[in-house]
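**Q** Whatever this is, show me its structure:
(2 chains)
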Amino acid sequence: MAFVRRHRGILPLALLLPGLAWLIIFFALPLYYQGKISLEVGSIFNGFHFNWHFKTYTDAWSAYRTQFLRSFWFAGLSTVLSLLIGYPLAYAIAFRAGKWRNALLLAVILPFFVTYLVRTLAWETILDDSSPLVSFLQTIHVISPHGRVLATTGSVVAGITYNFLPFMILPLYASLERIDDRLLEAGADLYGNRRSVFWKITLPLSMPGVVAGVLLTFIPAAGDFVNATLLGSPNQTMIGNVIQSRYLELNDYPTAAALSFTLMFIILVMVALWAKVAGTDALMGTEASAT
Amino acid sequence: MTTTSGTTPSVRLERVTKRFGDLTAVRELTLDIERGEFFTLLGPSGCGKTTTLRMVAGFEEPSEGQVLLDGTDVSGLPAFKRATNTVFQSYALFPHLNVEENVAFGLRRKGVARKEAARRVSEELERVGLAREAKRKPRQLSGGQQQRVALARALVNLPTVLLLDEPLGALDLKLRKGLQVELKRIQREVGITFVYVTHDQEEALTMSDRIAVMNQGVVEQVDAPEAVYDRPRTTFVAGFIGVSNLMPGVAGPVSAGATELKLDSGVTLSTPGNGYASGERVWAVVRPEKLSVALVEEPAPTGRPSVEGLVESSLYLGTATQMVVRLPDGVTMTVLVPNADETERQRLPGAGARVRLSWATDHMHVVRESQVEEPETTPQEGLSSERA
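**A** Residues are numbered from 1 along each chain as shown, chains lettered A, B, ... in the order given. Sure thing, here's the model as predicted:
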């Protein structure tokens, strides 16, 4: 203790240490090894050796461009759907729920008590060709008499949306809930009707939540493979599925690693662009409280 | 400045009651606020002053009674359709908009063209001395500047009534004094009715044309500042406005237009007022600066009522000396003696001295118990008539 007292600058560093160690051991090191593997050549039988083999990247890209684009398309669609479903819900919980607020928030988080995989399997059952829902949809002619729900783009996007919706709702709720009521009153006092108060005050002030929600939904959605596996067909294969099969089924580690790095790089670029568009202010959440 | 003139009042509250569940925040409030008047709702926190303001603004609907703006009943009219604007406590400036956009907000919503709005905004910012800060965000401004933006944002819309909810409450004393003067100047300049909510009695006395003193949802007195100060009607008003000396007593029989008043301290006085029931509990009020103090050994002044007591403490305040004197019945009286002459000040009786406090009959005022206990009496009837 005396040492810490004498060197006050040490304390923050000491507190930082566990987290830093975690980050190095479980993030930086694996990242380094993956980077190394992605540039190796060879096979599981003959062993891999490192020789700056960048061609793996270009080969992987040209072979799986479709799956990349599909992943971002599905993730984007799911993010937009989550926003459209999540915003009104978060708004209602923050402003209209009254004493039900905590109960509703709990309901939003409740699915997390069940494993991701089990939840998605439940969806598989619900959307199965022989399920009551599908036969009902067939009877009311929403889908054709022999039409399917499972193994379509719709079912995969729906699954992703369902699974990541709470990640959209929670940050939205947090930023909406922080908005000072008096700002909305001030808007009304200055001749703003409900609609213009929403567009001119509530929405801009909830932007930090929108930005955070979009990131938290889009990033995991783009790398997801569970929904495409359980709810889709080969036509819905996403990049996550490719990486998974390259790794675990084909033991083609360099290609899997190269695909992972490509995915990470694209997402980083997208996040950077999004941050620039949305503004760092919104990202840092410095604007929501009244001054 | 009476409430009985023929013109339509800017704001009229008619037997307005507001309940929140079991709590009655405002009780049967009736008030007329004249056009161009600087009207203050004064009272301690929780007295219903802010609730009253919010009902005028349209943020709350009265449980009973009516709010009239310029003679029109605005019941059920939402805030955005009312020609009132509010300066909020701690301002509620829009943090995502700059100063200019904040001030333009109301004009734009009303559909004033962009160019015209920009002209009026820059004029208004000029008036409050913030022309150079137009492009700044609220959080980049000082408290006083934010307060001016809030004022400009409301005034630029030329409301019929400007509502101010403790607008200076968040500022330090020095800044507050400066802005009080400025607010008053702006009010005279624009001639808009100001309804001002504060718990600061000094602020109310300095700025207002008339003050309504509120206590527990009821208006205890509506009067000009001097009248509220010099002729309080109730113990609450006397106690809330300034330091006051309340000497409890019992009203005696009326003789020749004067009531005999028997103080608990043993002194019997005669007061010109009547209308007190014999045996009614009343209080004699004398302001600290109206009391003269002398040692009991000195001859009693003739024609001036007086009480005797013991000096408890004497405090040098710079411009004056403040003495606390305890009367035989335990009531403490505060006496304020201006420090005009140093030798005179040196001769003032110190702690422990037996003194006689005397005052001119004119400076004594008899008040009743606060009205809160009996809500049936309609306060407004007696309240506005006393002004000479």
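
**Q** CA only for contacts and neighbour counts going forward, please
**A** Noted.

**Q** Excluding chain neighbours, give the residue nearest to residue A:131 in space.
**A** The shortest distance from residue A:131 to any residue other than its chain neighbours is 6.9 Å, reached at residue A:125 (CA to CA, 6 or more residues apart in numbering or on different chains).

**Q** Neighbours of the one you found, how many?
**A** Residues lying near residue A:125 (other CA atoms under 10 Å in any protein chain shown) number 17.

**Q** Next, give phi and psi for it.
**A** Torsion angles at residue A:125 (phi, psi; degrees, to the nearest 10) stand at phi -60, psi -40.

**Q** pretty sure it contacts residue A:134?
**A** No: under the criterion of CA atoms under 8 Å, residue A:125 makes no contact with residue A:134, lying 10.4 Å away.

**Q** low pLDDT regions in chain A?
**A** Applying pLDDT under 70 to chain A flags the ranges A:1-5, A:279-291.

**Q** check contacts around the residue of the stretch 201-350 of chain B found nearest chain A.
**A** Distances from the stretch 201-350 of chain B to chain A, computed as CA to the nearest CA, single out residue B:217 as the nearest residue at 22.7 Å. For residue B:217, the contacting residues are B:24-27, B:29, B:47-49, taking CA atoms under 8 Å, 6 or more residues apart in numbering or on different chains as the criterion.

**Q** And it, how close does it get to residue A:261?
**A** Plainly put, residue B:217 is 68 Å away from residue A:261 if you go by CA to CA, to the nearest Å.

**Q** cool, residue A:219 as well?
**A** In this structure, residue A:219 lies at 14 Å from residue A:261, with CA to CA as the measure.

**Q** do the same with residue B:211
**A** In this structure, residue B:211 lies at 72 Å from residue A:261, with CA to CA as the measure.

**Q** In stretch B:298-308, which of the residues would be classed as buried?
**A** Neighbour counts using 16 or more other CA atoms under 10 Å in any protein chain shown place B:305-308 of stretch B:298-308 among the buried residues.

**Q** Closest one to residue B:226 out of these, please.
**A** Ranking the buried residues of stretch B:298-308 by separation from residue B:226, with CA to CA as the measure, puts residue B:305 on top at 23.0 Å.

**Q** just checking, the closest one touches residue B:269?
**A** Yes: under the criterion of CA under 8 Å, residue B:305 lies in contact with residue B:269, with a separation of 6.7 Å.

**Q** the longest helix in chain B is where?
**A** Longest helix of chain B, by residue count under DSSP state H: helix B:173-190.

**Q** and that one, average pLDDT?
**A** Taken as a whole, helix B:173-190 has an average pLDDT of 89.

**Q** Give me the contact list for that helix.
**A** For helix B:173-190, the external contacting residues (CA under 8 Å, 6+ apart) are B:38, B:144, B:168, B:193-194, B:203, B:207.

**Q** Please could you give me each C-alpha atom of whatever helix or strand comes next after that helix, formatted as CSV?
**A** Reading on from helix B:173-190 to the C-terminus, the next helix or strand found by DSSP states H and E is strand B:193-198. Coordinates of the C-alpha atoms in strand B:193-198 are reproduced here as CSV (Å, rounded to 0.1, in the frame of the first residue of the first chain):
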residue,chain,number,x,y,z
THR,B,193,-47.4,40.5,-19.2
PHE,B,194,-44.9,38.6,-17.0
VAL,B,195,-46.0,36.0,-14.5
TYR,B,196,-43.1,35.3,-12.4
VAL,B,197,-42.7,32.4,-9.9
THR,B,198,-40.2,32.7,-7.1
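
**Q** Pairing partners for the helix or strand containing residue B:323, with directions?
**A** Assessed by DSSP H and E, residue B:323 sits inside strand B:320-326. If you go by DSSP bridges, strand B:320-326 pairs up with strand B:306-316 (antiparallel), strand B:332-338 (antiparallel).

**Q** so of those strands, which one's packed in deepest?
**A** Neighbour counts (mean count of other CA atoms under 10 Å in any protein chain shown) averaged over each of those peak at strand B:332-338, with a mean of 21.

**Q** what separates that one from the chain centre, distance-wise?
**A** Using CA atoms, centre = their mean, to the nearest Å, we find the averaged C-alpha position of strand B:332-338 to lie 22 Å away from the chain's own average C-alpha position.

**Q** what does the stretch 101-250 of chain A put close to chain B?
**A** For the stretch 101-250 of chain A, the contact set with chain B under CA under 8 Å from any CA of the partner chain comprises A:182-183, A:185-193, A:196, A:201, A:204-205.

**Q** okay but residue B:234 is in contact with residue B:365, surely?
**A** No: under the criterion of CA under 8 Å, residue B:234 lies out of contact with residue B:365, with a separation of 10.2 Å.

**Q** quick check: domain ranges of the chain?
**A** Because you didn't say which chain, this covers chain A. Under the assignment named as automatic domain parsing, the residue ranges that make up the domains of chain A are A:1-28, A:59-284.

**Q** try chain B instead
**A** B:11-232, B:243-370.
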